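A.B. asks: What follows is a predicted protein model with its sequence.
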Amino acid sequence: GGPLGSLGKSRAKFISAEETTGVTFDDFAGQEYIKRELQEIVRILKNDEEFQSKGIYCPKGVLLHGPPGTGKTLLAKAIAGEAGVPFFAATGTDFVEVRITFLMDAHRKLLEKKSDSDFFSMQMFVGVAASRVKDLFASARSFAPSIIFIDEIDAIGSKRGGPDLGGGGAEREQGLLQILTEMDGFKVSTSQVLVIGATNRLDILDPALLRKGRFDKIIRVGLPSKDGRLAILQVHAKNKFFRSEEEKNTLLQEIAENSVDFTGAELQNVLNEAGILTARKDLDYIGREELLEALKRQKGTFETGQEDSTEIPEELKLRLAYREAAVAVLACYYPNSYRPFTETDIRSIRSRPNLRCAEISGKVFSKKSDFVNSIVHACAPRVIEEEMFGIDNLCWISAKATSEASRRAEFLILQTGMTAFGKTFYRNQSDLVPNLAAKLEALRDEYMRFAEEKCSSVLNEYHSAVETITDILLEKGEIKAEEIWDIYKKAPRIPQPPVPP
Ligand code: ADP
């Protein structure tokens, strides 16, 4: 850490202006428009007075949101690095954590001794989050202009009165109120403290945080496109050895094409892993083989975050294979010309099907029938599981499919105005008065019944294709789109009666 080390009570990490964070905008690749917006903010932050005399003020707060590993922390550090101002980094959970462990401790003692004094000390700690927030802002203000970065701000800034997932609700609420007070408290005439928040749960943030004068700049940091992935790979390949610049470019291009939905952190992992494999083989340069092996490993550990492929139990493997086969058959039945599927495997346990798709190409144009088909498609894991293992022997695979299908049905009914429900947009179910809620339920049940029956009819018709794909998945662990299409087209079909809409 910096000269102050970790700051007393607030536990935030402090990095002085002299050290800066060593990170610049060059370290972040892809999504150029994000950099342009943030560069603007850095300019204002650096030349505070000049801009203020023109009536231009730095935003008080910038909220970066998007999936983990997309470079939000990196961007926050780059802002500090570029502006050359002190940087205070904290995590939302820092503010609440201690109290929760303390509470558990006190609770245990309470049960053992039932003494009043323990209960008293338990009460004393309410408000710790608020005082930590206060501390952090006071330190940052004394070094202004400076930056406060709060990662996982949802841990402290989730909707008040919402479900209390992490415990310590009252505590968190006070911490949140303190953030709001601190942000409202800055006077525009004094030097700036810029607050940068990061979250992957924008949906659960308290709306008060997003109001003008608080986090008034909201920037989405999304998954990189193919060009973005190539640029990120280039950044992280800088300190790696390749046979030639030319070979490096061709190889990175190939990796970029085959890493749809990867985050920056995952791409960085691929290169690091390739470097390790190269060293292990005692080679001087990273080659195609090492890169492809590293890519494969990263795909396998995707989401589960596990090192290597830990053995998946045989029964689960069989269920995963059936799930993938069913989903693949539905993908052939309702082909998506904008986003064709490319391959699937049973090497990792993911809540959603592993079937991978190409990037969206061309202008997407979805009709009502596409929405309905997508509900049918989402039912596939449940329908096949019921068919193969019996209704009393379903597992979480079915539960996930059911919730996904219901979510899609609700979206169609509430948010598109395309159904008998009516032409009004409703944000969610809680917007509905009771009799509308009943109407929603009835209509959703109708869509779900149709989707299940239709899906079941498709899977019965193509049952032999499902079995063939399952066998290949169990044997080889993966299967490519061409092979799936081939099986689907050649499979003997069992005609089914039409499903009434
Ligand atoms: P987040 O805060 O969004 O979870 P991080 O900033 O912690 O993500 O990203 C982890 C690492 O992944 C970064 O330190 C960086 O090395 C790499 N990374 C992520 N996104 C990018 C990007 N767009 N360009 C370059 N590197 C990236």
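C.D. replies: On my side now, so go ahead. Numbering: from 1, shown residues only.

A.B. asks: Next one: the residue of the chain found nearest the ligand, what pLDDT does it get?
C.D. replies: Nearest residue of the chain to the ligand: G264, at 2.0 Å (C-beta to the nearest ligand atom). In short, each C-beta sits where N, CA and C put it, glycine included. What the model reports for G264 is a pLDDT of 95.

A.B. asks: likewise I487?
C.D. replies: Model confidence at I487 (pLDDT) stands at 97.

A.B. asks: check contacts around it.
C.D. replies: I487 makes contacts with 465, 468-469, as judged by C-beta atoms under 8 Å, 6 or more residues apart in numbering.

A.B. asks: quick one on the thing from earlier: now do the same contact list for the residue of the chain closest to the ligand.
C.D. replies: G264 neighbours (C-beta under 8 Å, 6+ apart): 29-30, 69-71, 74, 224, 232.

A.B. asks: swap the cut-off to 7 Å and go again
C.D. replies: Contacts of G264 were listed using C-beta atoms under 7 Å, 6 or more residues apart in numbering, and they are 69-71, 224, 232.

A.B. asks: same question, E324
C.D. replies: By C-beta under 7 Å, 6+ apart, the neighbours of E324 are 344, 346, 353-355, 473.

A.B. asks: how about a cut-off of 6 Å?
C.D. replies: For E324, the contacting residues are 344, 354, 473, by C-beta atoms under 6 Å, 6 or more residues apart in numbering.

A.B. asks: sorry, back to before: got TSV for the contacts of G264, with pLDDT and secondary structure too?
C.D. replies: As requested, the contacts of G264 are exported to TSV (pLDDT from 0 to 100; DSSP: H, G, I helix; E, B strand; the rest coil):
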residue	pLDDT	secondary structure
G69	93	coil
T70	94	coil
G71	94	coil
P224	92	coil
I232	97	helix
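
A.B. asks: Filter the contacts of E324 down to the ones in helices?
C.D. replies: Within these, residues falling in helices by DSSP state H are L473.

A.B. asks: which bits of the protein sit near the ligand?
C.D. replies: Counting by C-beta under 6 Å from any ligand atom, the residues of the chain close to the ligand are 27-30, 68-74, 198, 232, 235, 264-265, 268.

A.B. asks: So which of these belong to helices?
C.D. replies: Those of these lying in helices (DSSP H): 72-74, 232, 235, 264-265, 268.

A.B. asks: What's the PyMOL line that selects buried ones from those residues?
C.D. replies: Buried residues among these (16 or more other C-beta atoms under 10 Å), as a PyMOL selection:
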select buried, resi 72+73+74+232+235+264+268
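
A.B. asks: so who does the residue positioned nearest the centre of the chain touch?
C.D. replies: Per C-alpha atoms, centre = their mean, the C-alpha nearest to the average position across the chain is that of P67, at 2.9 Å. By C-beta under 6 Å, 6+ apart, P67 lies in contact with N200.

A.B. asks: For L136, grab the count of nearby residues.
C.D. replies: L136 has 28 neighbouring residues, counting by other C-beta atoms under 10 Å.

A.B. asks: buried set for the helix or strand containing it?
C.D. replies: According to DSSP states H and E, L136 maps onto helix 128-142. By neighbour count on 16+ other C-beta under 10 Å, the buried set for helix 128-142 is 128-130, 132-137, 139-141.

A.B. asks: so where do the strands sit in the stretch 1-150 of the chain?
C.D. replies: Residue ranges of the strands in the stretch 1-150 of the chain, as given by DSSP state E, counting those that start in this stretch, are 13-15, 61-65, 87-91, 146-151.

A.B. asks: Just checking: what are the partner strands of the longest one?
C.D. replies: Right, strand 146-151. Partners of strand 146-151 in the sheet, by DSSP bridges, are strand 87-91 (parallel), strand 193-199 (parallel).

A.B. asks: pLDDT below threshold where in this structure?
C.D. replies: 1-21, 96-128, 159-171, 186-191, 301-310 (pLDDT under 70).

A.B. asks: remind me, longest helix of it?
C.D. replies: helix 434-461.

A.B. asks: Now do that one: which elements does it pack against?
C.D. replies: Using 3 or more C-beta pairs under 6 Å, 6 or more residues apart in numbering; DSSP states H and E, the elements in contact with helix 434-461 are helix 368-389, helix 396-415.

A.B. asks: next one: it to chain centre, how far?
C.D. replies: Distance, stretch centre to chain centre, for helix 434-461: 29 Å (C-alpha atoms, centre = their mean, to the nearest Å).

A.B. asks: Report the angle between that helix and helix 368-389.
C.D. replies: Angle, helix 434-461 to helix 368-389, by axes from the mean of the first three to the mean of the last three C-alpha atoms, to 10 degrees: 60 degrees.

A.B. asks: Pull out the buried positions in helix 434-461.
C.D. replies: 436, 439-440, 443-444, 447-448, 450-459, 461.

A.B. asks: and if you look at stretch 199-216?
C.D. replies: Those would be 199-200, 205-206, 209, 214-215, for stretch 199-216 by 16+ other C-beta under 10 Å.

A.B. asks: and if you look at stretch 411-421?
C.D. replies: Buried, per 16+ other C-beta under 10 Å, within stretch 411-421: 412-414, 419, 421.

A.B. asks: now swap in stretch 469-486 and tell me
C.D. replies: Here stretch 469-486 shows 469-470, 472-474, 478-479, 481, 483-485 as buried, counting by 16+ other C-beta under 10 Å.

A.B. asks: swap in stretch 218-233?
C.D. replies: In stretch 218-233, counting by 16+ other C-beta under 10 Å, buried: 219, 221, 223-224, 228-233.

A.B. asks: how long is that stretch end to end?
C.D. replies: End-to-end span of stretch 218-233 (C-alpha to C-alpha, to the nearest Å): 26 Å.

A.B. asks: Identify the residues contacting R229.
C.D. replies: R229 touches 256, 259, 267, counting by C-beta under 6 Å, 6+ apart.

A.B. asks: now the residues you listed as JSON lines including neighbour count?
C.D. replies: What follows is the contacts of R229, written out as JSON lines (neighbours: other C-beta atoms under 10 Å):
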{"residue": "A256", "neighbour count": "22"}
{"residue": "S259", "neighbour count": "21"}
{"residue": "L267", "neighbour count": "29"}
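
A.B. asks: tell me the contacts of the closest residue to L45 other than its chain neighbours?
C.D. replies: Nearest residue to L45, sequence neighbours excluded (C-beta to C-beta, 6 or more residues apart in numbering): A83, at 4.7 Å. A83 sits next to 42, 45-46 when contact means C-beta under 6 Å, 6+ apart.

A.B. asks: For I179, see how far away A83 is.
C.D. replies: Computed with C-beta to C-beta, to the nearest Å, the distance linking A83 and I179 is 22 Å.

A.B. asks: With A399 instead?
C.D. replies: For A399 relative to I179 (C-beta to C-beta), the value is 36 Å.

A.B. asks: A208 too?
C.D. replies: 9 Å.

A.B. asks: Same question for S361.
C.D. replies: 43 Å.

A.B. asks: which of these two has more neighbours?
C.D. replies: I179 (31 against 10).

A.B. asks: Appreciated, that's everything.
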